[in-house]
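Q: Predicted model and sequence below, questions to follow.
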Amino acid sequence: MLAASLALVAGLVLLVGGGEFLVRGAVALAERAGLSQLLIGLTIVAFGTSAPELVASIEAVRSGAPAIAWGNIIGSNLANSLLILGLAAVIFPLAVERKPLWRDAGLALAVTASLYLGALANMIGTVAGIAALMLLAAYIVFAYFSERASGAAQKEARAAASDGEENAKATPLWRSVLYLIGGLASIGLGGEWLISGAVDIATYFGLSQTTIGLTIVAIGTSLPEAVTTIIAAMKKASAVALGNILGSNLFNLLLIGGVTALAAPNSMPAELISFGLPYLLAITAIMLFFAVTHYRVGRREGGVLLALFVVQLVFSVHSA
């Protein structure tokens, strides 16, 4: 039990730390190659913050535990929408103003609903996985040109590009490569240790693999999103805080969900179909309401979101 706990904690540390170094190295190399900050943000940074969830899910499928992978996907989105957004709102109330947020929230709701309906019909297989990855690629292209057409986005991109040039010059090439390689190695090893420890703990306590994925693994792999969202809230960047959560949720559903569907077709656990997915669908609808109405997510609303997260945790553990 002690060995399993140590493996789980060490795996989380390696996953989160490795993801951070992966992003640093990749961004520095991309800036040297002359890529725009906007494209870097939509691809490399978004992928990097989702790397812990992706690696953990792939390792779970490889270890014969796809229930942990799906639990991690659904649980991470619930942690993002309830725990992280709730904490951010409690720290500093979020006033939603950025119009493009409705696009991300609407797509997240449509994808979540499609995943739920597909799971009910037992159709989350190879075709669904390919469709999810194609939709993600289309979303990135559309979001890139949509943001590029925005005058505010262009202004931010120019400012960020100026900073990026200075950062690229300040970071030696060898260090960028070292960050990239070290980050990849860390998340690979971390994913293996995390899943190994999680499976052993689930067996020891008699918990289902789905429950472990929904709770410990999901919360742990959501730490990068937690850090960036809370920092954005403290800097009063409400659009960045909510946009980071919505973007992460989309990457979880389309990238990680797509890969999981390809690697383990029709492996959605019944526990998620009966509670996890419908619960996430309802929460995603609330996120869309926030985005469309420019609703102010204050401390009271943040407290409600945190309470809803506790409800999800209690139900998940109790039903196990």
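A: Everything's here; your move.
Q: C-alpha from now on. contacts and neighbour counts both.
A: Noted.
Q: How are the strands of the stretch 201-320 of the chain distributed by residue range?
A: All strands of the stretch 201-320 of the chain, identified by DSSP state E, counting those that start in this stretch, fall at 296-297.
Q: What of the stretch 51-200 of the chain?
A: If DSSP E, counting those that start in this stretch is used as the criterion, the strands of the stretch 51-200 of the chain fall at 94-95.
Q: May I have the predicted confidence score for Ala88?
A: What the model reports for Ala88 is a pLDDT of 88.
Q: and the gap between the residue lying closest to it once chain neighbours are set aside and Asn249?
A: Among residues not flanking Ala88 along the chain, Ile230 sits closest, at 5.1 Å (Cα to Cα, 6 or more residues apart in numbering). Look at Ile230 and Asn249: by Cα to Cα, to the nearest Å, they are 16 Å apart.
Q: Leu87 too?
A: Distance of Leu87 to Asn249, computed by Cα to Cα: 17 Å.
Q: Kindly report the same for Ala137.
A: Distance, Ala137 to Asn249, using Cα to Cα: 15 Å.
Q: Please identify which of these two sits among more neighbours.
A: Using other Cα atoms under 10 Å, the more surrounded residue of Ala137 and Asn249 is Asn249, with 26 against 15.
Q: Pretty sure Gly75 is one of the things the more buried one touches, is it not?
A: No: between Asn249 and Gly75 no contact is recorded; they are 10.3 Å apart, counting by Cα atoms under 8 Å.
Q: sorry, back to before: pull the contacting residues for the residue nearest to Ala88.
A: The neighbourhood of Ile230, defined by Cα atoms under 8 Å, 6 or more residues apart in numbering, consists of 84, 87-88, 91, 241.
Q: what's the longest helix along the chain packed up against?
A: Longest helix in the chain by number of residues (criterion: DSSP state H): helix 173-205. Secondary structure elements in contact with helix 173-205, counted by 3 or more Cα pairs under 8 Å, 6 or more residues apart in numbering; DSSP states H and E, are helix 2-32, helix 46-62, helix 209-212.
Q: Now that helix: buried residues?
A: Neighbour-count burial for helix 173-205 flags 176-177, 179-202 (criterion: 16 or more other Cα atoms under 10 Å).
Q: what mean pLDDT does it have?
A: Averaging pLDDT residue by residue across helix 173-205 gives 83.
Q: Next, the angle from it to helix 46-62.
A: Calculated by axes from the mean of the first three to the mean of the last three Cα atoms, to 10 degrees, helix 173-205 forms an angle of 40 degrees with helix 46-62.
Q: now helix 173-205 against helix 2-32, angle please.
A: Between helix 173-205 and helix 2-32, the angle comes out at 150 degrees (the same axes, to 10 degrees).
Q: list the contacts for the residue most central in space within the chain?
A: Note on the chain: the residue nearest the mean C-alpha position is Ser248, at 3.7 Å, using Cα atoms, centre = their mean. Taking Cα under 8 Å, 6+ apart, we find Ser248 in contact with 46, 49-50, 77, 225.
Q: Tell me the one among the residues you listed nearest to Val16.
A: If you rank these by distance to Val16 using Cα to Cα, Thr49 comes first, at 8.5 Å.
Q: OK, contacts around the closest one?
A: Contacts for Thr49 (Cα under 8 Å, 6+ apart) come out as 19-20, 23, 224-225, 248.
Q: what do you get if the cut-off is 7 Å, keeping everything else the same?
A: The neighbours of Thr49, taking Cα atoms under 7 Å, 6 or more residues apart in numbering as the test, are 19, 224-225.
Q: possible to save those residues as a markdown table with pLDDT?
A: Rendered in a markdown table, the data for these read as follows (pLDDT from 0 to 100):
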| residue | pLDDT |
| --- | --- |
| Gly19 | 74 |
| Pro224 | 76 |
| Glu225 | 76 |
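Q: Could you give me the ChimeraX selection string for whichever of the residues you listed are buried?
A: To isolate in ChimeraX the members of the contacts of Thr49 that are buried, counting by 16+ other Cα under 10 Å, one can use:
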select :19,224,225
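Q: Out of the contacts of Thr49, flag the one nearest to Asp104.
A: Checking the contacts of Thr49 against Asp104 by Cα to Cα gives Glu225 as the nearest, at 16.2 Å.
Q: how near is the closest residue to the closest one other than its chain neighbours to Ala226?
A: By the measure of Cα to Cα, 6+ apart, the closest residue to Glu225 outside its immediate chain neighbours is Thr49, 6.6 Å from it. Using Cα to Cα, we find Thr49 at a distance of 10 Å from Ala226.
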